[in-house]
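> Below is the sequence, then the predicted model.
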Amino acid sequence: MNSLPMQQPFCHQNIIEVSNVSFAYQQKPVMEDISFAVQERDFVGLIGSNGAGKTTLLRMIVGLLKPDSGTIKLFGQTQNDFSGWNKIGYVPQKNSFNPLFPATVREVVMSGLYNRSKLFKRVSKADQLKCEEALHAMKIEDLAAKRIGELSGGQQQRAFLARALINNPALLILDEPTVGIDVETQQGFFHLIKHMHQHHNITFLMVSHDMDMIRSYLGDRPTRECGKLKLYVKHSHELEDCRETNLTHSLRELRELSDREKASVASWKS
Ligand SMILES: Nc1ncnc2c1ncn2[C@@H]1O[C@H](COP(=O)(O)OP(=O)(O)OP(=O)(O)O)[C@@H](O)[C@H]1O
């Protein structure tokens with residue numbers, strides 16, 4: 001009998017696996033024995049009252065805080081073994097920048113590319129191109145040369161999203177990304193992240209207090225509750241499809257590609 005474990009369908013792979021995690025600040029417990037998993041192509045909305053520990057949890061996931069007990073795996077590896085940090089884009093809770101902060105928007109966005117090995121290298125043409133693409137995606141090309149501190153809160157938030165996008169992340173972790181952003185920009189932003197979720201194979205973990213947005217995209221009821229936290233989850237396509245193999249996904253991608261090509265030929269002809 002074949003004793004090999006059955007291979008998981010592609011998009012059922014755990015991207016984040018939080019197992020029995022507890023954390024306290026100076027002996028004051030924030031969460032106890034939390035476990036959940038985020039699978040590839042999930043969009044997870046993390047909801048909870050003020051002080052429930054949402055930011056603390058995100059900071060543990062991205063390695064800025066260490067759980068007191070329990071483990072967190074990323075892309076199947078423990079955080080100690082994990083080296084693919086550039087696969088993760090993280091936008092922390094809104095910061096307000098001192099208007100005198102010297103970096104320009106372009107420099108802030110570019111800094112998303114730097115890790116220890118790149119810090120002292122010259123910026124390549126390819127890196128510049130990535131930066132321009134990220135600025136373009138967030139529609140802030142015209143602000144690129146401005147000092148980040150001169151921007152409005154919403155514009156700063158876009159710059160931080162561009163910074164998170166520059167590495168073309170597989171996982172985007174957002175902590176209340178639309179706080180302080182006007183309604184129109186919020187709608188544009190949600191439209192963009194939904195598009196990224198449905199068409200660009202990005203997995204999302206997002207803290208938000210915007211229940212209208214959460215319900216409209218992720219449904220009325222939480223899929224899971226752990227401690228004081230509620231998780232609203234939507235997979236990027238019908239889960240039934242995932243019972244198939246990778247082939248379903250490949251076919252879907254081929255179909256989407258061919259639709260896009262048809263659309264671009266049609267627009268070229270007209
Ligand atoms: N650096 C810190 N030192 C001590 N206590 C902290 C620290 N950061 C957060 N806390 C406390 O830990 C608890 C959880 O904070 P956290 O910021 O994770 O909550 P949250 O769910 O993100 O809240 P909010 O919705 O208000 O952003 C709160 O009681 C908070 O006061």
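Nice, I can see it.

> rest of the way, CA atoms for contacts and neighbours
Noted.

> Any residues of the protein in contact with the ligand? List them.
25, 30, 48-56 (C-alpha under 6 Å from any ligand atom).

> give me the beta-bridge partners of the closest residue to Arg224 other than its chain neighbours?
Once flanking residues are discounted, Arg224 sits nearest to Leu231: 5.2 Å by C-alpha to C-alpha, 6 or more residues apart in numbering. Under DSSP bridges, the beta-bridge partners of Leu231 are Leu46, Arg224.

> ok, Leu231 to the ligand distance?
Between Leu231 and the ligand the distance is 13 Å, computed by C-alpha to the nearest ligand atom, to the nearest Å.

> so how far is Lys130 from that residue?
33 Å (C-alpha to C-alpha, to the nearest Å).

> the more surrounded of these two?
Leu231 (23 against 20; other C-alpha atoms under 10 Å).

> Would you agree the more buried one is in contact with Ile47?
Yes. Counting by C-alpha atoms under 8 Å, Ile47 is a contact partner of Leu231 at 6.3 Å.

> picking that back up, so can I have TSV of the residues of the chain next to the ligand showing pLDDT, secondary structure and distance to Met213?
TSV is the format used below for those (pLDDT from 0 to 100; DSSP: H, G, I helix; E, B strand; the rest coil; distance: C-alpha to C-alpha, whole Å):
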residue	pLDDT	secondary structure	distance to Met213
Tyr25	96	strand	31
Val30	95	strand	26
Gly48	94	coil	15
Ser49	92	coil	16
Asn50	92	coil	18
Gly51	92	coil	21
Ala52	94	coil	20
Gly53	95	coil	21
Lys54	95	helix	18
Thr55	95	helix	19
Thr56	96	helix	22
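
> Include distance to Leu74 and neighbour count when you put the residues you listed into CSV, please.
Below are the residues of the chain next to the ligand laid out as CSV (distance: C-alpha to C-alpha, whole Å; neighbours: other C-alpha atoms under 10 Å):
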residue, distance to Leu74, neighbour count
Tyr25, 23, 9
Val30, 22, 17
Gly48, 23, 18
Ser49, 26, 11
Asn50, 26, 9
Gly51, 25, 10
Ala52, 23, 15
Gly53, 20, 20
Lys54, 18, 24
Thr55, 18, 18
Thr56, 17, 19
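
> Can you give me the buried ones in the helix or strand Ile173 falls within?
Following DSSP states H and E, one finds Ile173 within strand 171-175. Within strand 171-175, the residues scored as buried using 16 or more other C-alpha atoms under 10 Å are 171-175.

> Single out the residue in the stretch 101-250 of the chain that lies closest to the ligand.
His209 (7.5 Å; C-alpha to the nearest ligand atom).

> For that residue, give me phi and psi.
His209 has phi and psi values of phi -100, psi 0 when expressed as degrees, to the nearest 10.
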